[in-house]
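Engineer: got a structure for you, letters missing:
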Ligand SMILES: [Zn+2]
């Protein structure tokens, strides 16, 4: 059975969404985001390439899933591509308290509203390039290695303080005894070991550079607290379709895509690609 609705006049009392107004809001209030799109990695190594085969099962040519040996995705199964700067409105940050391995933490979920041409898919990443948050990490000095990429690149933050504007990136560093692994009582060297040959420097691309192996000795563990640009991964898209019919200054309706909204989760425990 069909259920036909009655005819409806489309000319009297009409309220259309104004696409230009939505776009203006994004341009005025949107934060700068680095949007990196994702695609599936086509890698599917054959089971025999992994050095095993299942008894009496013809699976020689079937895939075994993404693998860490893949030179492109390194086992993640995703290819990141087409990084570009876009504007997006970030709202409704919310969190849920979880029990993680190293104690409780609150995972962050935000809503990101974008112009319709910036349509993300599951797995895309958004880096808030103007915002910072703090991150903590402990690394170990390794014989022969002086450049240490951290889990996230170190970001800097400009602050207006009592004595004027200041820029900060690494706000705390503490070292251990290289032999016992215990933290040294006077092991805080955030500022006095910083500089050429003084101990360490921060590179322009946010890496930790050791430059004095007599201070930062091999085997030392180094606790670092530093600013990062938060990065979010798209986990759902509740409003990826917001098409509407508009008849402004026209005789007939036309389909206009409005802003899209996705939900993205803070990559807090995720390793940088
Ligand atoms: Zn792959």
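Structural biologist: Yes, it's here. Being a predicted model, the structure only gives us computed values, none of them experimental.
Engineer: Could you use CA atoms for every contact and neighbour count after this?
Structural biologist: Fine.
Engineer: Give me the distance between residue 263 and the ion.
Structural biologist: 25 Å (Cα to the ion, to the nearest Å).
Engineer: Looks like that residue contacts residue 237 (just checking).
Structural biologist: Yes - contact criterion Cα atoms under 8 Å: residue 263 and residue 237 qualify, at 5.9 Å.
Engineer: From the neighbour counts alone, determine which of those two ranks first.
Structural biologist: Taking other Cα atoms under 10 Å, residue 263 and residue 237 do not tie; residue 263 has more neighbours (22 against 18).
Engineer: now the strands for the stretch 51-200 of the chain?
Structural biologist: 78-100, 103-114, 125-128, 133-140, 147-148, 157-161, 164-168, 170-176, 183-188, 200-202 (DSSP state E, counting those that start in this stretch).
Engineer: Report the distance from the fourth one to the chain centre.
Structural biologist: When C-alpha coordinates are averaged (Cα atoms, centre = their mean, to the nearest Å), strand 133-140 and its chain have centres 16 Å apart.
Engineer: next one: the fifth one
Structural biologist: With Cα atoms, centre = their mean as the basis, strand 147-148 stands 21 Å off its chain's centre.
Engineer: What about the closest residue to the ion within the stretch 51-200 of the chain? Give its phi and psi, please.
Structural biologist: Using Cα to the ion, residue 73 is the residue of the stretch 51-200 of the chain that sits closest to the ion, at 4.1 Å. Torsion angles at residue 73 (phi, psi; degrees, to the nearest 10) stand at phi -100, psi -10.
Engineer: any weak-confidence spans in this protein?
Structural biologist: 10-13, 45-66, 93-107, 238, 240, 268-273 (pLDDT under 70).
Engineer: distance of the residue nearest the centre of it from residue 125?
Structural biologist: Nearest to the geometric centre of the chain sits residue 231, at 2.2 Å (Cα atoms, centre = their mean). Going from residue 231 to residue 125 by Cα to Cα, to the nearest Å gives 7 Å.
Engineer: repeat for residue 243
Structural biologist: Applying Cα to Cα to residue 243 and residue 125 gives a distance of 24 Å.
Engineer: now do residue 142
Structural biologist: 31 Å.
Engineer: Residue 166 now?
Structural biologist: Counting by Cα to Cα, the gap from residue 166 to residue 125 is 30 Å.
Engineer: and if you look at residue 41?
Structural biologist: Here residue 41 is placed at a distance of 16 Å from residue 125 (Cα to Cα).
Engineer: just residue 1 next, same as before
Structural biologist: 46 Å.
Engineer: Compare the two (neighbour count), which wins?
Structural biologist: residue 125 (25 against 3).
Engineer: got the contact list for that one?
Structural biologist: With contact taken as Cα atoms under 8 Å, 6 or more residues apart in numbering, residue 125 is in contact with 34, 35, 36, 37, 38, 231, 232, 233, 234.
Engineer: where does this structure come near the ion, residue by residue?
Structural biologist: 41, 43, 70, 73 (Cα under 5 Å from the ion).
Engineer: Please repeat the previous calculation with a cut-off of 6 Å.
Structural biologist: Contacts of the chain with the ion, taken as Cα under 6 Å from the ion, map to 41, 43, 66, 70, 72, 73, 74, 75, 77.
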